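Visitor: Using only what follows, build the 3D model:
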Amino acid sequence: MTQDKTAIRNAATVIVLRDRLNDPHVLMGQRGATAAFMPNKFVFPGGAVDKEDAAIPLATQLQPICRDRLLEDVEQDLTHALSVAAIRELWEETGLILGQKGEWDMTPPADWESFAATGHVPAAHPLQFVFRAITPPGRPRRFDARFFMIDADEIASDLDDFDAACDELSHLQWIPLPKVREFDLPFITEVVLAEIAKRAHDLTPPDSVPFFKNNEEQNLFLRLKGVGPMTGRSH
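Guide: Numbers count the residues shown, from 1 in each chain. Got it, this is the predicted structure:
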């Protein structure tokens, strides 16, 4: 069956912060010039949830506060699938492992064979849910993206070894947080980075999560578990 490219797909994006307390750097890469979505832009690793993600075992689960925020303004519980998608996309696009040493209790599907071969089981407890945004109408692809921040100290592999990465992102690099805006960024990435800059030195998950809710009727900037609509703005 042909996929409806106008449908809004659930997605997970991963923001990895390194040396966050002293000299914070963020991991980013550049999308290809021929990409249908955000060509040439520097972005965080991430992508759409796959149907297999809901069945992948996790060594550890999301923190309860993050799970609670993810359950707001949704039609179904996607907390497990989103956690798995974030870890899978990080592995596929950067070759970095977010997991714990252990044996799988199932035969890993094709997308997970290389990850499982490293001797790790994906672990979700380091993921902190920090932002949510729905791509505005009229774009070639639309996603309901949940942004997760993790501390690079939680990565189980060499932070400078990207050899296992696929070729979806080029120029993978750790960029000093104050210099990120010198790169060609999508609008929403700039918004998220502003939020991350405020939270770089805070190791706890946020009490409320910003949510750009774009649909055919209105554009709202909400706070999940916050005071509600803050401002209406168009992207």
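Visitor: these two touch, right, I188 and A133?
Guide: Yes - with contact defined as CB atoms under 8 Å, I188 reaches A133; the gap is 5.1 Å. Quick note: C-beta positions are derived from backbone N, CA and C, even for glycine.
Visitor: Can you pull the residues that touch both of those two?
Guide: Common neighbours of I188 and A133, counting by CB atoms under 8 Å, 6 or more residues apart in numbering, are A145, F212.
Visitor: which stretches of this structure form strands?
Guide: Along the chain, counting by DSSP state E, strands occupy 8-18, 25-31, 42-43, 46-48, 99-101, 120-122, 128-134, 142-151, 169-176, 209-214, 219-224, 231-232.
Visitor: For stretch 168-187, give me every contacting residue.
Guide: Outside stretch 168-187, the residues touching it (CB under 8 Å, 6+ apart) are 17-18, 23-32, 38, 40-43, 45, 92-94, 159-160, 162, 165, 190, 193, 196-197, 200, 235.
Visitor: can you put the strands of the chain in TSV and add mean pLDDT?
Guide: Formatted as TSV, the strands of the chain follow (pLDDT from 0 to 100):
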stretch	mean pLDDT
strand 8-18	97
strand 25-31	95
strand 42-43	94
strand 46-48	96
strand 99-101	98
strand 120-122	98
strand 128-134	96
strand 142-151	96
strand 169-176	95
strand 209-214	91
strand 219-224	84
strand 231-232	39
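Visitor: Grab the nearest non-local neighbour of G29.
Guide: The shortest distance from G29 to any non-neighbouring residue, by CB to CB, 6 or more residues apart in numbering, is to L169 (2.9 Å).
Visitor: what bridges to the one you found?
Guide: With beta bridges defined as DSSP bridges, L169 has these partners: R31.
Visitor: Kindly tell me how buried it is, as a neighbour count.
Guide: Using other CB atoms under 10 Å, L169 has 23 other residues around it.
Visitor: do P108 as well
Guide: So P108, with other CB under 10 Å, has 16 neighbours.
Visitor: and what of F143?
Guide: For F143, using other CB under 10 Å, the count is 22.
Visitor: can you check V180 too?
Guide: Applying other CB under 10 Å, I find that V180 has 19 neighbouring residues.
Visitor: So which bits of the longest helix belonging to the chain are buried?
Guide: Criterion DSSP state H: the longest helix present in the chain is helix 79-94. For helix 79-94, burial by neighbour count (16 or more other CB atoms under 10 Å) applies to 79-94.
Visitor: by contact count, what packs against that helix?
Guide: strand 8-18, strand 25-31, strand 46-48, helix 64-70, helix 113-117, strand 120-122, strand 142-151, strand 169-176 (3 or more CB pairs under 8 Å, 6 or more residues apart in numbering; DSSP states H and E).
Visitor: Can you pull out the low-pLDDT segments for this structure?
Guide: Flagging of the chain using pLDDT under 70 yields the residue ranges 1-6, 33-39, 216-218, 226-235.
Visitor: if you set the cut-off to 90 instead, what comes out?
Guide: Within the chain, the segments meeting pLDDT under 90 span 1-7, 31-40, 136-141, 167-168, 214-235.
Visitor: quick revisit: okay if I get the helices and strands packed on helix 79-94 as TSV plus distance to M106?
Guide: Below are the helices and strands packed on helix 79-94 laid out as TSV (distance: least, CB to CB, whole Å):
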stretch	distance to M106
strand 8-18	21
strand 25-31	29
strand 46-48	22
helix 64-70	23
helix 113-117	9
strand 120-122	10
strand 142-151	24
strand 169-176	29
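Visitor: A55 is nearest to which of those?
Guide: strand 120-122 (12.1 Å; CB to CB).
Visitor: Show residues contacting that closest one.
Guide: Outside strand 120-122, the residues touching it (CB under 8 Å, 6+ apart) are 56-59, 83-84, 87-88, 97-104, 115, 156.
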